[in-house]
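Asks: From the sequence below, what's the structure:
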Amino acid sequence: LRHDGRADPRDREVAPELRPSVMSKLIEEELEPGFRALYKIEKVLHSGQSQFQTVDIVDLAPFGRTLLIDGMIQSCQIDEFVYHECLVHPAML
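Replies: Okay, the predicted model is just below:
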């Protein structure tokens, strides 16, 4: 509304997918000072607190199943092959 109480034509109904109450959850990770990334959480599979840290297992839109410790990405489904290769090949030698 304008200051005189009349409707302002620039005021429009916000689309439901953009309303904060129905927006998707995001996690923010600081990759380095001044550079941050946002990731969409598709589903929270587990969230727990140990004596030392917070542990979450979530499905992230770009990475698939992801392990978060204290809110920071530790490993994810899409880069599993990197860890697998490092673990398996030394044993094959």
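
Asks: where along the chain do the helices fall?
Replies: 80-92 (DSSP state H).

Asks: List of residues touching stretch 58-67?
Replies: Applying CB atoms under 8 Å, 6 or more residues apart in numbering, the external contacts of stretch 58-67 come out as 27, 39-45, 55-57, 68, 73-79. In short, each C-beta sits where N, CA and C put it, glycine included.

Asks: Please check those residues and keep the buried ones.
Replies: Applying a neighbour-count criterion of 16 or more other CB atoms under 10 Å, the buried members of the contacts of stretch 58-67 are Ile27, Tyr39, Ile41, Glu42, Asp56, Leu68, Ile73, Cys76.

Asks: contact partners of stretch 73-84?
Replies: So stretch 73-84 is contacted by Glu29, Tyr39, Leu60, Pro62, Phe63, Gly64, Arg65, Thr66, Leu67, Leu68 (CB under 8 Å, 6+ apart).

Asks: Report the separation between the fifth one and Val55.
Replies: So that's Phe63. Phe63 is 17 Å from Val55, where distance means CB to CB, to the nearest Å.

Asks: Show me what whichever strand in the chain runs longest is packed against.
Replies: Ranked by residue count, the top strand of the chain under DSSP state E comes out as strand 35-49. Judged by 3 or more CB pairs under 8 Å, 6 or more residues apart in numbering; DSSP states H and E, strand 35-49 is in contact with strand 26-32, strand 54-60.

Asks: where does the protein have its least confident helix or strand?
Replies: helix 80-92 (a mean of 73; mean pLDDT, DSSP states H and E).

Asks: just to revisit the earlier point, may I see the helices and strands packed on strand 35-49 organised as JSON lines, with mean pLDDT and distance to His84 added?
Replies: As requested, those are exported to JSON lines (pLDDT from 0 to 100; distance: least, CB to CB, whole Å):
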{"stretch": "strand 26-32", "mean pLDDT": "86", "distance to His84": "23"}
{"stretch": "strand 54-60", "mean pLDDT": "92", "distance to His84": "18"}
